[in-house]
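Asks: Structure for this input, please:
(2 chains)
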Amino acid sequence: MRIATWNVNSIGPRLPRVLEWLGSVQPDVLCLQELKSGTDAFPFDAVREAGYETAAYGIGRWNGVAILSRVGLEDVTRGLTGEPTFEDKTDARAIGATCGGLRLWSVYVPNGRDLENPHYDYKLAWLSALEATVREEQSRGLPFAVLGDFNIAPTDADVWDIGVFAESTHVTEPERKALAALRDLGLSDVFPRPLKYDHPFTYWDYRAGNFPNNKGMRIDLVYADSRVSGAVTDSYVDRDARKGKGPSDHAPIVVDLSL
DNA sequence: ATGACGGAGCGTCTCCGA
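Replies: Numbers count the residues shown, from 1 in each chain, chains lettered A, B, ... in the order given. Model (predicted):
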């Protein structure tokens, strides 16, 4: 089985590239983040013609997540257990489903913005709710993984220059402790191989030539339990999907499993 | 060339992203 995750930075303008990518890479399951569309506005028909069912969760202009599957899509759950709000609004940042016997979640962790911003506290609260949800979900007894844009660089090596991030989110100890809490639940970081250079970055800012200069970050992650991680035969960041005209600023991660 | 911000909304700018 081949599973994948991709922050597409809006499904509308990205749809042609997503369809092309599905056709060439042929994942069985694709977790999407940052749809920037409401649930009803998702292009279900075009994706169905490509052979995939979709469970989408979007609330409009920001965030939004989905799971596409050609191996079944059951028991869909939208949102986290005890999910916090921001400015009294609930975001659409997490969706879970059972696909081909696996319990999979697609998540888009809040950015945090700045260390003094209330959005940073929201990010940490959201991560606590994710931990609680993972704990609950594991009681289903199915092989389990959570995939998505975590907006956290797990180590200093996961950004191109840690000196640039001295007063920034994404690299702080509280954020990294939230990842450690997921590992304490038995999940492990499925570390992909890069197609080029020596580190598997998954995000490069559009600005200032960051992609051609490989000023990237590894913030999209696959956290899998032992049954899933033990079945991994290959994993890579498809940086080719970051090239060319009209790309997302994130590249997909592809994980092959022998279950 | 991989190649030097882009998406969305009521919008001619601001917010957001990381």
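
Asks: Run through the neighbouring helices and strands of whichever strand or helix holds residue A:16.
Replies: Per DSSP states H and E: residue A:16 is located in helix A:11-25. Under the contact criterion of 3 or more CB pairs under 8 Å, 6 or more residues apart in numbering; DSSP states H and E, helix A:11-25 touches strand A:2-7, strand A:29-33, helix A:44-49. Using the backbone N, CA and C atoms, a C-beta is placed for each residue, glycine as well.

Asks: Contacts (any at all) between DNA strand B and the second one?
Replies: Going back to what we said before, that points to strand A:29-33. No: Strand A:29-33 is not in contact with DNA strand B by CB under 7 Å from any atom of the strand; minimum separation 8.0 Å.

Asks: Give the partner strands of that strand in its sheet and their orientations.
Replies: strand A:2-7 (parallel), strand A:65-69 (antiparallel) (DSSP bridges).

Asks: Rebuild the helices and strands packed on helix A:11-25 as a markdown table, extending it with mean neighbour count.
Replies: As requested, these are exported to a markdown table (neighbours: other CB atoms under 10 Å):
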| stretch | mean neighbour count |
| --- | --- |
| strand A:2-7 | 26 |
| strand A:29-33 | 29 |
| helix A:44-49 | 14 |
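
Asks: Now mean pLDDT and distance to residue A:224 too, for the ones you listed, in TSV please.
Replies: Below are these laid out as TSV (pLDDT from 0 to 100; distance: least, CB to CB, whole Å):
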stretch	mean pLDDT	distance to residue A:224
strand A:2-7	98	9
strand A:29-33	98	12
helix A:44-49	96	25
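
Asks: closest one to residue A:239 among these?
Replies: strand A:2-7 (12.1 Å; CB to CB).

Asks: give me the number of residues near the residue in the stretch 101-250 of chain A that DNA strand B sits nearest to?
Replies: Closest to DNA strand B within the stretch 101-250 of chain A is residue A:209: 2.9 Å, counting by CB to the nearest atom of the strand. Applying other CB atoms under 10 Å, we find 11 residues neighbouring residue A:209.
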